[in-house]
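[1] Need coordinates for the below:
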Amino acid sequence: MEGGNSPNLQLQQLPLATAAVSVQPHTDSFSYKENLIGALLAIFGHLVISIALNLQKYSHIRLAGSKDPRAYFKTKTWWCGLFLLVLGELGVFSSYAFAPLSLIVPLSAVSVIASAIIGIIFIKEKWKPKDFLRRYVLSFVGCGLAIVGTYLLITFGPNSHEKMTGENITRHLVSWPFLLYMLVEIVMFCLLLYFYKEKNANYIVVILLLVALLGSMTVVTVKAVAGMIVVSIQGNLQLDYPIFYIMLVCMIATAIFQATFLAQASQLYDSSQIASIGYILSTTVAITAGATFYLDFTGEDVLHICMFALGCLIAFLGVFLITRNRKKSVPFEPYISMDAMPGMQNMHDKGIAVQPDLKASFSYGALENNDNMPEIYTPATLPIVQEQHGSKGVSAPPYRVLEHGKKDILPEFSTGLQPEH
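    Predicted coordinates:
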């Protein structure tokens, strides 16, 4: 009896063992291979995006400096930039389907590195070796640190992988860690929005925190949508799940509001500040969202987590140094400084000078910056010397301002009436 029933028991337990194996995570070699594919796609995408944006900027500058009446969208350079932009965005979008979210998000530092290198190569001014090193040493140091940080991110990134099916995404969506995270994020977003709109707290940290909170939801939904599309292409259709369209709508909505706040920040602050602070805040919040929604760091040892955090900090420092070295453009406005004109009152508005500072450097066309010659922009002043009667041996001034009383009026300029004797 026991010998005859044992084969049946083994046959009945076989499907259970097979099902258990199917839900286990991938082997280490295959997981690292997926991490490498996702990281390479992200690096390629950010590199192509940086090239595309610089091409479109070059197209605008070239049209502005010529007499070509064509619009920018009628030039081949602009369309080439647009094509590369779409290609780069597709590369970044597809990278989320292969690698963990916490690994892909910090790799956006590649675009900052590429922009810095392109700006140095195609800069339009003459320089000496000493001036070049003095001006761009921070950019080189920042690029080196960002590259080291990127290497640490790829090497010690999280290694958790699962198929982005509708059931898995729904299970993560209703898990208590993500629900608690969403509650904290909604409260923070409402408070920041209240201070920004009602209290006029137009600080760069406030605006970019709003962008980062929205961006964390954007990357979470992007990974879900990209993963479900890849799983559908592999043969397991996931597009008939309602969660796919919920994630798609959330992705589009958060991206639109994120772009709106970024546009408002660009009107108030310099682009270099937005790039550095925005990268740090968005990366930090997005990694937190990935760790709570997709459980990216589950099963990782302490050494890998510490090295990954060190890579993030080094990449943050590199991006900060790169953006800090960008020279702020000061527009040249040839106004006359009324401060130097004698007898004229200074024009101020509540203590703030109305006239611009003419000692700032400027560049126009092929002219180089004249940072060492501020005196050529200083308004010339003419000395005013009052006439001193009775003084001898005094050299004549360039011109004199004569102050006369009523008694000093000449007869020929009188009214014609003869004085009474």
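[2] Quick check: which helices or strands does the helix of greatest length in the chain pack against?
    Assignment by DSSP state H gives helix 28-64 as the longest helix of the chain. For helix 28-64, the packing partners by 3 or more C-beta pairs under 8 Å, 6 or more residues apart in numbering; DSSP states H and E come out as helix 76-95, helix 101-104, helix 109-121, helix 129-155. All C-beta atoms are positioned from the backbone trio N, CA, C, and that covers glycine.
[3] angle of that helix against helix 76-95?
    160 degrees (axes from the mean of the first three to the mean of the last three C-alpha atoms, to 10 degrees).
[4] Of all the residues in helix 28-64, which ones are buried?
    Residues of helix 28-64 classed as buried by neighbour count (16 or more other C-beta atoms under 10 Å): 31-32, 34-35, 38-56, 58-59, 63.
[5] now do stretch 170-182
    Buried-residue list, stretch 170-182, by 16+ other C-beta under 10 Å: 172-173, 178, 181.
[6] can you check stretch 282-301 too?
    Neighbour count says stretch 282-301 has 282-297 buried, by 16+ other C-beta under 10 Å.
[7] which residues touch it?
    The contact list for stretch 282-301 (C-beta atoms under 8 Å, 6 or more residues apart in numbering) reads 100-103, 105-106, 108, 158-160, 162, 172-173, 177-178, 180-181, 208-209, 211-213, 215-217, 219-220, 223, 305, 312, 315-316.
[8] What subset of those residues is buried?
    Using 16+ other C-beta under 10 Å, the buried ones in the contacts of stretch 282-301 are 100-103, 105-106, 108, 158-160, 162, 172-173, 178, 181, 208-209, 211-213, 215-217, 219-220, 223, 312, 315-316.
[9] average pLDDT for the one helix or strand I280 maps to?
    Take DSSP states H and E as the rule and I280 turns out to sit in helix 271-293. Per-residue pLDDT values over helix 271-293 give a mean of 91.
[10] any idea which helix or strand comes after it?
    helix 302-324.
[11] what angle do that next one and helix 109-121 make?
    Going by the same axes, to 10 degrees, helix 302-324 makes 30 degrees with helix 109-121.
[12] Pull out the buried positions in helix 302-324.
    For helix 302-324, by 16+ other C-beta under 10 Å, it's 304, 307-308, 311-312, 314-323.
[13] Equivalent analysis for stretch 192-209, please.
    Quick answer for stretch 192-209 (16+ other C-beta under 10 Å): 192, 196, 204, 206-209.
[14] and the residues you listed, which of them are in helices?
    192, 196, 204, 206-209.
[15] Can you name the two of those that sit furthest apart?
    Pairwise distances across these (C-beta to C-beta) peak at 12.4 Å, for the pair L192 and I204.
[16] overlap in contacts of those two?
    With C-beta under 8 Å, 6+ apart, L192 and I204 have no common neighbours.
[17] Can you pull out the low-pLDDT segments for the stretch 151-300 of the chain?
    Filtered on pLDDT under 70, the stretch 151-300 of the chain yields no residues whatsoever.
[18] just checking, I51 touches S111?
    No. When contacts are counted by C-beta atoms under 8 Å, I51 is not listed as touching S111 (9.6 Å).
[19] so what sits against both of the two?
    Counting by C-beta under 8 Å, 6+ apart, nothing touches both I51 and S111.
[20] dump the residue contacts of S216.
    Contacts of S216 (C-beta under 8 Å, 6+ apart): 185, 282, 285-286, 288-289.
[21] Could you check how far the nearest residue to it once chain neighbours are set aside is from G278?
    In space, S216 comes closest to A289 once its chain neighbours are excluded; the distance is 3.9 Å by C-beta to C-beta, 6 or more residues apart in numbering. Look at A289 and G278: by C-beta to C-beta, to the nearest Å, they are 16 Å apart.
[22] Any chance of the buried residues of stretch 192-209 in CSV with distance to F83 as columns?
    Putting the buried residues of stretch 192-209 into CSV (distance: C-beta to C-beta, whole Å) gives the following:
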residue, distance to F83
L192, 37
Y196, 37
I204, 33
V206, 36
I207, 31
L208, 30
L209, 34
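[23] Pick the one among the residues you listed closest to V137.
    Looking across the buried residues of stretch 192-209 and measuring by C-beta to C-beta, the closest to V137 is I204, at 25.8 Å.
[24] can you pull the contacts of that closest one?
    265, 268-269, 273-274, 277.
[25] quick one: it from S282, how far?
    13 Å.
[26] H60 now?
    26 Å.
[27] And for T288?
    11 Å.
[28] again, but for V319
    For V319 relative to S282 (C-beta to C-beta), the value is 11 Å.
[29] list the helices and strands the helix or strand harbouring F261 packs on?
    Under the criterion of DSSP H and E, F261 resides in helix 242-268. Counting contacts by 3+ C-beta pairs under 8 Å, 6+ apart, helix 242-268 packs against helix 166-173, helix 204-233, helix 271-293.
[30] If we go by neighbour counts, what in that helix is buried?
    In helix 242-268, counting by 16+ other C-beta under 10 Å, buried: 243-244, 247-248, 250-251, 254-255, 257-258, 261-262, 265.
[31] Next, format those as TSV and append distance to S115.
    TSV is the format used below for those (distance: C-beta to C-beta, whole Å):
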residue	distance to S115
I243	36
F244	34
M247	31
L248	30
C250	29
M251	25
T254	25
A255	21
F257	25
Q258	20
F261	21
L262	16
A265	18
